[in-house]
Each structure stands twice: as C-alpha cells, then as structure tokens.
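Novice: take a look and give me a structure for this.
(chains A and B)
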Amino acid sequence: AQKVTQAQTEISVVEKEDVTLDCVYETRDTTYYLFWYKQPPSGELVFLIRRNSFDEQNEISGRYSWNFQKSTSSFNFTITASQVVDSAVYFCALSGGSSNTGKLIFGQGTTLQVKP
Amino acid sequence: DAEITQSPRHKITETGRQVTLACHQTWNHNNMFWYRQDLGHGLRLIHYSYGVQDTNKGEVSDGYSVSRSNTEDLPLTLESAASSQTSVYFCASSRDLNYGYTFGSGTRLTVV
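Specialist: As a prediction, the model looks like this:
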C-alpha cells in the first residue's frame, strides 16, 4: 500500500528563517509521482511541484527548493528566507504505481506559521 | 479561462437529509475526484471518475455517491447526511493520470 507521512504537524518560524518540511513516502512501485500542495488560510489548494520517480534532481524555484532522495524515500521541501505569506498548510502527496489510477495519496499536512 | 467551480461554498444541513454538492470544470478533463479534508486526516478520497458513465469508490465512500453524465460535472450526493460527514469537500480534475490535480475552492458542509 502507498503511504505518505508528514511527521511535522506544526512548525513556527520567524520571518527570514529557512524552514524544511519533511515528507516520507512508502510505495513498492518503481514508477510513481510526488507532489507538494500549499493551502493558504483562504482554503484553496495550490499546486507547487510534481516530480517523477526517475528524476532525482533537486529543484529550485525562487525561495522554494525540493530535495528528492529515493534512498531514504523522502521528498523534502525547503523555504529559504521565509515570509509571512508562506504561512499555510503544506501537503505532500504520492500517486502512480502499477495500478496507475491517478489517485493522490496525501500526507496529513504540515502547518507552517511564519511570524513577522 | 478554464476553471473548476464548486457550489455551494458553505452549507448547513440537518441529519438525515439528502445533500448534493456540485462540481463543474471547464478544463475538459476526463479525470475527476472528490476528497474530504478533516483535521488529523489530511485529504481522503471519496469517489473518482475517469470519464462519462464511469465512477469508482475511494477509501471513504460509505454514505456518498456520484454520477457522471457528462465530462464537465461530477456531483457528490450524501444519501442521508450524518454528523460525521461534517467536513470540507474538495473536487479536483486532472488532465492525465499522475499529472496532478486542479482543485476547486472547496465546500464547507456542516451537518447538525
């Protein structure tokens, strides 16, 4: 069975600090996809990144970066120089596998609070 | 611009009533999904559809049903609302399997 674990329930940082959100996944499949979504206080779910299992290159997008390590089944998300607008719930998700149903399996989410 | 809309945004209903939540997308996506979001559980899949006349059960489908009569709509029906179904419901659609979802804005349902 597939599973996603976000062990950090809540994180609080002061603006301009760097913060890393952890994501550990479980799957027996060799082909799979990993995602991060952001849910700001307004409630909508915003897509941040998609990564397939064959691409272990880290990715950087502005202040955001993602570290994908198959050896530890982790797909961690780092925000550099955090800002108050980064305050949100962040979800890591997994899909794919031999059944390839397109269903996303979500972690429980990490609530990030960035204080001014 | 293409979009995915959910209605209503908020609803309060009584226990035992039938409730239907609407989801409409103009992306022309074949794949549509319904999730519920609860504290401590993240998002859990209720039902999903790969196209017209196709529906499938997710991990928490008891007490819910969907129908897909056209590409654009996937309404979610609570047959007999229960307090345990108080939640935020999200509809999503996707272009291809494993491509990722575009989510609607959510419906907050309270069953009293």
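Novice: quick check: the residue of chain A nearest chain B.
Specialist: Of chain A, the residue with the smallest distance to chain B, taken as Cβ to the nearest Cβ, is A:Gly102 at 3.4 Å. From N, CA and C alone the C-beta is placed, and that goes for glycine too.
Novice: burial of B:Val111, as a residue count?
Specialist: 19 (other Cβ atoms under 10 Å in any protein chain shown).
Novice: need the contact list for it.
Specialist: B:12-15, B:81-86 (Cβ atoms under 8 Å, 6 or more residues apart in numbering or on different chains).
Novice: list only buried entries from those residues.
Specialist: Buried by 16 or more other Cβ atoms under 10 Å in any protein chain shown: B:13, B:81, B:85-86, out of the contacts of B:Val111.
Novice: so how far is the lowest-mean-pLDDT helix or strand in chain A from its chain's centroid?
Specialist: When each helix and strand of chain A is scored by mean pLDDT, DSSP states H and E, strand A:59-61 comes last, with a mean of 86. Centre-to-centre, strand A:59-61 and its host chain are 13 Å apart (Cα atoms, centre = their mean, to the nearest Å).
Novice: show me what that strand is packed up against.
Specialist: strand A:46-52, strand A:64-69 (3 or more Cβ pairs under 8 Å, 6 or more residues apart in numbering or on different chains; DSSP states H and E).
Novice: looking at these, spot the one closest to A:Phe91.
Specialist: strand A:46-52 (9.4 Å; Cβ to Cβ).
Novice: contact partners for the residue of chain A closest to chain B?
Specialist: A:Gly102 neighbours (Cβ under 8 Å, 6+ apart): A:95, B:31, B:33, B:48, B:50, B:94, B:96-99.
Novice: those in strands, which ones?
Specialist: Here DSSP state E is the test, and these give A:95, B:31, B:33, B:48, B:50, B:94 as lying in strands.
Novice: can you tell me the closest non-neighbouring residue to the fourth one?
Specialist: Once flanking residues are discounted, B:Tyr48 sits nearest to B:Phe33: 4.4 Å by Cβ to Cβ, 6 or more residues apart in numbering or on different chains.
Novice: my read: that neighbour touches B:Arg44, true?
Specialist: No: B:Phe33 lies out of contact with B:Arg44 (Cβ atoms under 8 Å); the separation is 11.0 Å.
Novice: quickly list what's touching both of the two.
Specialist: B:Gly58.
Novice: these two: who's more crowded?
Specialist: Legend: neighbour count by other Cβ under 10 Å for B:Phe33 and B:Arg44, higher for B:Phe33 (25 against 17).
Novice: got a list of what that one touches?
Specialist: By Cβ under 8 Å, 6+ apart, B:Phe33 lies in contact with A:102-104, B:45, B:47-49, B:58, B:91-94, B:101.
Novice: straight-line length of stretch B:10-27, end to end?
Specialist: 24 Å (Cα to Cα, to the nearest Å).
Novice: average pLDDT for stretch B:91-109, rounded please.
Specialist: Stretch B:91-109 shows a mean pLDDT of 90.
Novice: for stretch A:101-114, same thing?
Specialist: For stretch A:101-114, mean pLDDT rounds to 90.
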